[in-house]
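Asker: here are the coordinates; sequence isn't available:
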């Protein structure tokens, strides 16, 4: 296999580089030993009964209590971290990457191991696997391993575990089953700043990812936890649970621990509920100074035979990240009453309202050890930040040379210590890719999360500005302010009819309704964030946004000429051209079309998809009533058109999976689908230009769309008693599997369509 051979050649060069290295001196050896030994294990009292699960009747009943010694460590650490507030984050990140002793490990692993999704997370988890006996003996002896991975996107823990199992002699033939959770990157209501859009693994392993009956994948919702328990109930036992979750805390880094506390409680509750006796749990945490962390660590110590706080060598030494490694779950029955109470109070505020335990029930023998653990990792972090600040002022050639030598030695030691071996691509998890890596949503795309720029102080100042000022300063500012021409989007087209639709296997997904579209697999996340900020600005009156005199919208005659130019005309009974029907959604007056403009087309007009009046213009396509009307229009078109006919269909946008699927259906029924934005009517959306109708494909699409329309109608009928029309709790979210929405050129087409629509909306607002 060419890829494998190329990788093996790289391995040879890497090994040659290591062979030519100077042997580590004693000082370097000592530093490396310390780097791989950042670990503290709690030691239970010999009595065995002093650390026990508190009475659930006193749990979650009292206000949190601060611990003076731990709060002093927090203040001390934040004082040191505040020295970074004026540093440009990109420059500082580049500097700390160059001083990171383990900075060359990822490159070495990629070269030597051919690892799938080889990221820092991959290296950290592989290090944890090589340091601790995570996999229970019972699982290995039975040859069956079952694992659950929480908050796992993009999936590097899973691919690291696969690599470990496939290359280790003791586990090579183990029958491994896994289930993963993350915020669904395809659910439009999941916030773009909390949802990881990197779907390289997800897109190719969707059956193994569980997003719950609400389709959000939000582990902080009680119903999701219960759904997950049901989903994994067919596994004989659960041997390992990992939890790698966090939030974007960049705007309030001093309170990172408190901000993520409820997430950690939910992850731990899920692990205690799902794990079988003897199982292992790995939980990512940060500083452990707050009372919530004290209680959680105490509970874990009461439930597992061994609890260790571990800072992998491959975790950047200047951050607060640590992994709590819990081995041999041996108190499942004893924790059940408390677990029931945690589940009853489960949610995004689980750690915010009341303390899990009072100080009085946590033994001093635990507290003294916990303070020592916190002090140890506090010292390591402060020393690293202080060293980086010193080196930031300037680094001598000798210092640089020594750092490079240590980085080379650490990379070599990592490969040796954890016996990192080559794994052929044929043994990757996503080896039989349904969706090529180049076609996934994240391929070549910005991943939607906020990218830190400037210093912390500059970012804090930016938050005081209006959204217009933020747009102007942002990376999209120049593009948003450009004026429209008729050529915009000219070369973006879907050539059809699409012949490989697997419509027989399509299914309807119903889930939590979309109060807003915060995230889309078919749009740039930064642009969508700008639009949502504008929507939140009460001073913006979308019903009175004026046109821009410098923009040139596409004219009706040019659209009709383009349609006529693409039609294949047949001869009529007299030997002349037989006119082609063009179905136009929208009134003749809105389009402003005269008979003389129609040329060789017979124009038929029909009412376009509309939406309920809610005091403003609907700005995205997530509204259930609008989606049902859009389907009605398409169904009418598929029933009315004849072979070779054309269709002009206005759409607000194509941000949701439902509208994306409608476009896919049109792609399957027409020789060509293109778009014109803005439409001649001057609206906010676009018009889909569909030419060359193929009735053979339409029959199957019509059956599918009818079923979806009926599902939408039933949901709307169920919600008739609600205050707002279409404002129910559930709606149809998807009816074409993501595997099909992500293949071919559909994603690129929709990405361009939505980018142009949002650019148009924001451009007009910026001109106002």
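Answerer: Done, it's in. Here the structure is a predicted model, which means the values were calculated and not measured.
Asker: in the stretch 601-750 of the chain, which spans are strands?
Answerer: For the stretch 601-750 of the chain, the strands defined by DSSP state E, counting those that start in this stretch occupy 601-606, 646-651, 670-676, 686-693, 730-734.
Asker: same thing with the stretch 101-250 of the chain?
Answerer: Using DSSP E, counting those that start in this stretch, strands in the stretch 101-250 of the chain cover 144-150, 175-180, 240-243.
Asker: mind putting these into CSV with mean pLDDT, distance to residue 295 and mean neighbour count?
Answerer: Where C-beta positions appear, they are placed from N, C-alpha and C, glycine not excepted. Converted to CSV, the strands of the stretch 101-250 of the chain look like this (pLDDT from 0 to 100; distance: least, CB to CB, whole Å; neighbours: other CB atoms under 10 Å):
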stretch, mean pLDDT, distance to residue 295, mean neighbour count
strand 144-150, 97, 20, 23
strand 175-180, 96, 28, 18
strand 240-243, 98, 17, 26
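Asker: export the ones you listed to a markdown table and tack on distance to residue 738?
Answerer: Converted to a markdown table, the strands of the stretch 101-250 of the chain look like this (distance: least, CB to CB, whole Å):
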| stretch | distance to residue 738 |
| --- | --- |
| strand 144-150 | 19 |
| strand 175-180 | 15 |
| strand 240-243 | 24 |
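Asker: between these, which one is closest to residue 428.
Answerer: Using CB to CB as the measure, strand 175-180 is the one of the strands of the stretch 101-250 of the chain that comes nearest residue 428, at 13.5 Å.
Asker: which residues sit against that closest one?
Answerer: Outside of strand 175-180, the residues within contact range by CB atoms under 8 Å, 6 or more residues apart in numbering are 143-150, 152, 155, 158, 161-162, 165, 205, 208-210, 228, 231-232, 235.
Asker: so who does residue 552 touch?
Answerer: 483, 484, 485, 486.
Asker: from the centre of this structure outward, give me the first residue you hit.
Answerer: residue 196 (2.0 Å; CA atoms, centre = their mean).
Asker: relative to residue 96, how far out is it?
Answerer: 22 Å (CB to CB, to the nearest Å).
Asker: then residue 268?
Answerer: For residue 268, the distance to residue 96 - CB to CB - is 30 Å.
Asker: neighbour count winner among these two?
Answerer: Higher neighbour count among residue 268 and residue 96: residue 268, with 25 against 21, using other CB atoms under 10 Å.
Asker: the more buried one contacts residue 245, doesn't it?
Answerer: No - applying CB atoms under 8 Å, one finds residue 268 not in contact with residue 245, separated by 10.9 Å.
Asker: residue 128 and residue 269, how far apart?
Answerer: With CB to CB as the criterion, residue 128 and residue 269 are 22 Å apart.
Asker: next one: residue 712
Answerer: 35 Å.
Asker: following the longest helix along the chain, which helix or strand comes up?
Answerer: Using DSSP state H, we find that the single longest helix of the chain is helix 364-393. With elements assigned by DSSP states H and E, the helix or strand that comes after helix 364-393 is helix 397-417.
Asker: what's stretch 253-261 in contact with?
Answerer: 74, 78, 81-82, 245-247, 249, 252, 285-290, 292-293, 320, 351-352, 456.
Asker: for that stretch, how far is the first residue from the last?
Answerer: Counting by CA to CA, to the nearest Å, you get 14 Å between the two ends of stretch 253-261.
Asker: then stretch 301-316?
Answerer: Stretch 301-316: ends 26 Å apart by CA to CA.
Asker: buried set for it?
Answerer: 301-304, 306-316 (16 or more other CB atoms under 10 Å).
Asker: closest to residue 542 among the residues you listed?
Answerer: residue 316 (44.1 Å).
Asker: so which helix or strand takes in the closest one?
Answerer: Assigned by DSSP H and E, residue 316 falls within no helix or strand.
Asker: relative to residue 540, how far out is it?
Answerer: 41 Å.
Asker: turn the strands of the stretch 601-750 of the chain into a markdown table, including mean neighbour count and distance to residue 214.
Answerer: Shown next, in a markdown table, are those (neighbours: other CB atoms under 10 Å; distance: least, CB to CB, whole Å):
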| stretch | mean neighbour count | distance to residue 214 |
| --- | --- | --- |
| strand 601-606 | 16 | 35 |
| strand 646-651 | 26 | 26 |
| strand 670-676 | 24 | 32 |
| strand 686-693 | 25 | 30 |
| strand 730-734 | 23 | 8 |
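Asker: among those, which is nearest residue 468?
Answerer: strand 686-693 (23.8 Å).
Asker: in its sheet, what does that closest one sit against?
Answerer: Here strand 686-693 is paired, per DSSP bridges, with strand 646-651 (antiparallel), strand 670-676 (antiparallel).
Asker: tell me the contacts of residue 81?
Answerer: 253, 254, 385.
Asker: so the second one, which of the three states?
Answerer: With DSSP: H, G, I helix; E, B strand; the rest coil as the basis, residue 254 sits in helix.
Asker: what's around it, how many residues?
Answerer: 15.
Asker: could you do the first one as well?
Answerer: The tally of other residues near residue 253 (other CB under 10 Å) stands at 16.
Asker: what separation is there between it and residue 316?
Answerer: For residue 253 relative to residue 316 (CB to CB), the value is 14 Å.
Asker: repeat that for the second one.
Answerer: Remark: distance between residue 254 and residue 316 (CB to CB) = 18 Å.
Asker: repeat for the last one
Answerer: Residue 385 sits 11 Å away from residue 316, taking CB to CB as the criterion.
Asker: next up, the contacts around residue 362.
Answerer: Residues in contact with residue 362 (CB under 8 Å, 6+ apart) are 294, 295, 298.
Asker: below-threshold pLDDT in the chain: ranges please.
Answerer: 1-22, 192, 431-461, 569-577, 594-599, 611-618, 680-684, 720-728, 768 (pLDDT under 70).
Asker: buried set for stretch 319-331?
Answerer: 319, 320, 321, 322, 323, 324, 325, 326, 327, 328, 329, 331.
Asker: farthest pair in those residues?
Answerer: Taking CB to CB, no two of these sit farther apart than 319 and 331, at 31.8 Å.
Asker: so residue 51 touches residue 298, yeah?
Answerer: Yes - Residue 51 is within contact range of residue 298, at 7.3 Å (criterion: CB under 8 Å).
Asker: overlap in contacts of those two?
Answerer: residue 366.
Asker: mind checking how far residue 718 is from residue 27?
Answerer: Counting by CB to CB - residue 718 and residue 27 are separated by 71 Å.
Asker: dump the residue contacts of the residue nearest to residue 39 when sequence neighbours are not counted.
Answerer: Counting by CB to CB, 6 or more residues apart in numbering, residue 310 is the residue found nearest to residue 39 once chain neighbours are left out, at 4.9 Å. Residue 310 is in contact with 38, 39, 128, 131, 132, 322, 323, 324, 325, counting by CB under 8 Å, 6+ apart.
Asker: can you pull the contacts of the last one?
Answerer: Residue 325 is in contact with 128, 132, 134, 280, 281, 282, 306, 307, 308, 309, 310, counting by CB under 8 Å, 6+ apart.
Asker: can you do 10 Å?
Answerer: 39, 41, 128, 131-134, 280-283, 300, 304, 306-310 (CB atoms under 10 Å, 6 or more residues apart in numbering).
Asker: measure it to residue 757 for me?
Answerer: With distances taken as CB to CB, residue 325 is found 48 Å from residue 757.
Asker: what's the answer for the third one, then?
Answerer: The spacing between residue 128 and residue 757, counted by CB to CB, is 45 Å.
Asker: of the two, who's got more company?
Answerer: residue 757 (29 against 23).
Asker: give me the element the more buried one is part of.
Answerer: In the assignment (DSSP H and E), residue 757 maps to helix 746-767.
Asker: which of the buried residues of stretch 301-316 sit farthest apart?
Answerer: The most distant members of the buried residues of stretch 301-316, if one measures by CB to CB, are 302 and 316, lying 31.4 Å apart.
Asker: let me know how buried residue 567 is, in neighbour terms.
Answerer: Neighbour tally, residue 567, other CB under 10 Å: 23.
Asker: actually residue 568, sorry about that
Answerer: Neighbour number of residue 568 under other CB under 10 Å is 10.
Asker: so residue 328: helix, strand or coil?
Answerer: The assignment at residue 328 comes out as strand when based on three-state DSSP.
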